[in-house]
Each structure stands twice: as C-alpha cells, then as structure tokens.
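>>> no FASTA, just this:
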C-alpha cells in the first residue's frame, strides 16, 4: 500500500518554464490537497479538491493551476515558473475534511 | 480571522527530559484538532487527533495531548524525549463544513545528549 505518491521528487526549472507535479493516492480518498512549505512559513494550502472533477483555491493559489480528472490523481501545474515558486511541495489526501490527512514525501522544486 | 498559533519556533530539550509543545487556536466552536510530526526530508505523519470526548488523547510514539476548551489550547506532551524525536511538529485545526485544515507554522524540536 503506497499511500500518497508524488512525482517527481526533485526538479530544477528555469524561469518561464512550465511543469506538472503529479500526486497519486491509492486509499480511495475523496479530498486531495496541494501545499507548499517554505522556511518559517509552515504549510500553506495552494489548491484542494473535495472530489473528482472539483477544485478550489487555497491560501496561495496564484501562479498555479490544478486538475482532478480522476479520483486518485491530483495534478499541480506551473504555467510559467518564477523564482518565488522555489519550494517544497506536498500533496495530501483524506477521506473527508474532518479526517486526518495523509501526506506524500514531497517534491523539491528549484527555479533559477 | 481563524488562526492557529504555535508560539515556540524552536525548542531544545535534553534526552530523557519532558516535553510540552504549545498550540492555541482562535475559533468559536470546538474544532477538530491534530498534531503531526515531520522528520527531515519526509512528509507529515499524524501523531494524534481529537474530535470529541476525553480531553486527554494518546498518540503514537508515546505522545499525548490535552484539549483545554477554556484556554483554546491543544498542547502536545511527552514524559521522556528520545533523540529520535528531533523533528518539526505541526498543530492543525479543522471546523465543520468544507473548510480544509489550518496548520500552525510549526515548532522545531532539537534533542541534545
């Protein structure tokens, strides 16, 4: 049972490039989340989804887009990467809003 | 505005000493409460949770937390810290409805010999 799997684990981009981070969960969870973690800032919610085909904005959504075409997958896209988006990105899932979230191991993204 | 505060950014304790990490929240109703731990290079792992009932909650790795409604607090405790407990600890709070959890900014725990 893999839980929550994030792909890739590391990536270096140049400013202006685009990329997609993939999150896959095998627990049949309804809710999925994307966070970014920066030193001293804790976890900040970027976007989340309460079910297949739905997405909603979190605390820091600007510069990111998401899609939830399949229940098990939640994609985070950067259309035109900026140095301010250098961060560690975490995906999480939960059965519902009140249940604990299960986290992936993160994607370390550097934008030069 | 709703918020979760972890007042201590960094705490250092000696191995074998007791530990208490503080968490305060500002919500009108009784929320759902969680503590997570993050080891370096890892994702967050759930330590314990409080939904209702007994206000003293037991978790994994020998941790416990106590919900105090009058103080809007949910402090994490461990009677004897081990070197492997060095990590970052996050408190999280949830409310009814579809609003996602709100996380505190974390407390980094260092353990010295």
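Structure received. Predicted model only: the values in this text are computed from it and were never measured.
>>> From here on, just use CA atoms for contacts and neighbour counts.
Noted.
>>> which residues of chain B fall in strands?
For chain B, the strands defined by DSSP state E cover B:3-5, B:10-14, B:19-21, B:24-26, B:32-38, B:44-50, B:56-58, B:64-68, B:73-78, B:87-94, B:102-103, B:107-112.
>>> Just the buried positions in the first one, please.
Going by neighbour count (16 or more other Cα atoms under 10 Å in any protein chain shown), the buried part of strand B:3-5 is B:4-5.
>>> Show residues contacting it.
B:23-27, B:91-93, B:102-105 (Cα atoms under 8 Å, 6 or more residues apart in numbering or on different chains).
>>> Just the buried subset of those, please.
Listed as buried from these are B:23-26, B:91-93, B:102-105; burial here means 16+ other Cα under 10 Å.
>>> returning to that earlier point: deepest-packed of the strands of chain B, please.
Comparing those by mean neighbour count (mean count of other Cα atoms under 10 Å in any protein chain shown), strand B:87-94 ranks first with a mean of 25.
>>> Of all pairs in the contacts of strand B:3-5, which one is the farthest apart?
Farthest pair in the contacts of strand B:3-5 (Cα to Cα) is B:27 and B:105. Separation: 17.1 Å.
>>> to the chain's geometric centre, what's the distance from stretch B:32-42?
Mean-position distance between stretch B:32-42 and its chain equals 8 Å (Cα atoms, centre = their mean, to the nearest Å).
>>> got the residues of chain A near chain B?
Contacts of chain A with chain B, taken as Cα under 8 Å from any Cα of the partner chain, map to A:40-44, A:90, A:97-98, A:100-106.
>>> Next one: the residue nearest the centre of chain A relative to residue A:75, how far apart?
Residue closest to the average C-alpha location in chain A (Cα atoms, centre = their mean): residue A:34, at 3.0 Å. Per Cα to Cα, to the nearest Å, residue A:34 is found 9 Å from residue A:75.
>>> go on, residue B:61?
Going from residue B:61 to residue A:75 by Cα to Cα gives 33 Å.
>>> What is the helix or strand hosting residue A:108 packed up against?
Counting by DSSP states H and E, the element that carries residue A:108 is strand A:107-111. Packing contacts for strand A:107-111, counted by 3 or more Cα pairs under 8 Å, 6 or more residues apart in numbering or on different chains; DSSP states H and E, involve strand A:10-13, strand A:87-94.
>>> What residues of the next helix or strand after the first one count as buried?
Following the chain from strand A:10-13 toward its C-terminal end, the next helix or strand by DSSP H and E is strand A:19-25. When neighbours are counted by 16+ other Cα under 10 Å, the buried residues of strand A:19-25 are found to be A:21-25.
>>> same deal with stretch A:11-19?
Quick answer for stretch A:11-19 (16+ other Cα under 10 Å): residue A:13.
>>> Now it: average pLDDT?
In this model, stretch A:11-19 has a mean pLDDT of 96.
>>> neighbouring contacts of it?
In contact with stretch A:11-19 (Cα under 8 Å, 6+ apart) are residues A:77-83, A:107-112.
>>> Any of those residues buried? List them.
Buried among the contacts of stretch A:11-19 by 16+ other Cα under 10 Å: A:77-78, A:81-82, A:107-111.
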